[in-house]
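A.B. asks: Need a 3D model of the sequence below.
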Amino acid sequence: MFHKKLAFYSHSFKHQLLIGAAISVWIWLFLFVTEPLDVRELSYQEKLQFLMGYALLLWVSYSLTIPAQRKLYRLKKAQWTVGLELLTLLLFSVIMYSLAYSFYRLIVVPNEPNPYTPDFFFLHRFVPVFAAVVPVFWLVRWGSGLVSQMQQINSTTEESTIEQSIYLRGDNQREVLKIKPEELVYLEAANNYVKIHYLVDGELQNVLFRNKLSVYEQAHDFLVRIHRSYLINPAYFLRFKQESKKHKIVLSHQNIELPVSKNLLEAVETKVISPQ
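C.D. replies: Below you'll find the predicted structure:
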């Protein structure tokens, strides 16, 4: 049971501070509105002062557990378990009780002749109030964990979207083409220019940039050089063709035929038929 994994833990320091703040606000409202135990004996001004003090100490107590939580999370290799959750709650309760009783003795009743003993304060004052904290403790942590997971998913999706696009640039800073790798069909050298053939809604388009073919070859390693004047996207390979001892490669889009250099033929075969 203690080793059962929990998916709702957020290791974000910011999230953990907000969790502590949320719990503190809740306990202040709970004590101020319901006036349990001795709270109703306090004046309005005392309630504002003392209950705010207890709420602040609760936030401090929870904040002090954050480094331990993060260290345990790393030791467990980014896994959170039921045992770690219970250990966090125990650590939180110990710190909170210590600070709360100190606050009671030093601030609330500094000169009282008969203050509550530590045992009485724990059993009859701390435990009933802390019991109201526990459900909110887990509810807020669960909600924070869900938010953290959603942020991670969105971040991964955004990174994936960015990675799916490539930029083809010319020497002129305004010569920029942003496309997905699967939309690039082939590139063709034309003197000091390169003609880029790509798809837009399934239709073959081309644009002429001033650049060298080798620049694109180095920048985008999925491209395959088949000739000194051609680079192709191997995803569009359909078949090889030989005419009058000349080798060609046929692309699946519109059966486009491009020449293959004899000295590159073996390497091209390997890359388009058995890509690594």
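
A.B. asks: need the helices for the stretch 51-200 of the chain, in chain order.
C.D. replies: Here the stretch 51-200 of the chain has its helices, by DSSP state H, counting those that start in this stretch, at 52-75, 82-103, 118-121, 127-163.

A.B. asks: So for Leu6, which of those sits nearest?
C.D. replies: Taking CB to CB, helix 82-103 is the member of the helices of the stretch 51-200 of the chain nearest to Leu6, at 6.0 Å. In this view, the C-beta of every residue, glycine as well, is placed from N, C-alpha and C.

A.B. asks: From the chain's centroid, how far away is the closest one?
C.D. replies: Chain-centre distance of helix 82-103: 29 Å, with CA atoms, centre = their mean, to the nearest Å.

A.B. asks: mind saving the C-alpha coords of it as CSV?
C.D. replies: This file holds the C-alpha atoms of helix 82-103, laid out as CSV (Å, rounded to 0.1, in the frame of the first residue of the first chain):
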residue,chain,number,x,y,z
VAL,A,82,1.3,6.8,-0.7
GLY,A,83,4.1,6.4,1.9
LEU,A,84,5.7,9.7,0.9
GLU,A,85,2.4,11.5,1.0
LEU,A,86,1.7,10.2,4.5
LEU,A,87,5.3,11.1,5.6
THR,A,88,4.8,14.6,4.3
LEU,A,89,1.5,15.0,6.2
LEU,A,90,3.2,13.7,9.4
LEU,A,91,6.2,16.1,9.0
PHE,A,92,3.7,18.9,8.3
SER,A,93,1.7,18.1,11.5
VAL,A,94,4.8,17.9,13.7
ILE,A,95,6.1,21.3,12.5
MET,A,96,2.7,22.9,12.8
TYR,A,97,2.1,21.6,16.3
SER,A,98,5.5,22.8,17.5
LEU,A,99,4.9,26.3,16.0
ALA,A,100,1.3,26.5,17.1
TYR,A,101,1.9,25.6,20.7
SER,A,102,4.8,28.1,20.9
PHE,A,103,2.6,30.8,19.4
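
A.B. asks: Please name every helix or strand in contact with that helix.
C.D. replies: strand 5-6, helix 52-75, helix 118-121, helix 127-163 (3 or more CB pairs under 8 Å, 6 or more residues apart in numbering; DSSP states H and E).

A.B. asks: and the ones you listed, which one is worst for confidence?
C.D. replies: Comparing the helices and strands packed on helix 82-103 by mean pLDDT, the weakest confidence falls on helix 127-163, with a mean of 74.

A.B. asks: can I get the helices of the stretch 51-200 of the chain in TSV with distance to Leu231 and mean neighbour count?
C.D. replies: Formatted as TSV, the helices of the stretch 51-200 of the chain follow (distance: least, CB to CB, whole Å; neighbours: other CB atoms under 10 Å):
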stretch	distance to Leu231	mean neighbour count
helix 52-75	45	17
helix 82-103	53	17
helix 118-121	78	12
helix 127-163	21	14
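
A.B. asks: just to revisit the earlier point, so can I have a markdown table of the helices and strands packed on helix 82-103 showing distance to His220?
C.D. replies: Below are those laid out as a markdown table (distance: least, CB to CB, whole Å):
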| stretch | distance to His220 |
| --- | --- |
| strand 5-6 | 41 |
| helix 52-75 | 37 |
| helix 118-121 | 70 |
| helix 127-163 | 13 |
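
A.B. asks: how near is Leu213 to Leu258?
C.D. replies: Going from Leu213 to Leu258 by CB to CB, to the nearest Å gives 13 Å.

A.B. asks: Neighbour count for these two, which is higher?
C.D. replies: The neighbour comparison of Leu213 against Leu258 (other CB atoms under 10 Å) goes to Leu213, with 20 against 17.

A.B. asks: Report the contact partners of the more buried one.
C.D. replies: Leu187, Ala189, Val194, Arg225, Arg228, Ser229, Tyr230, Leu231 (CB atoms under 8 Å, 6 or more residues apart in numbering).
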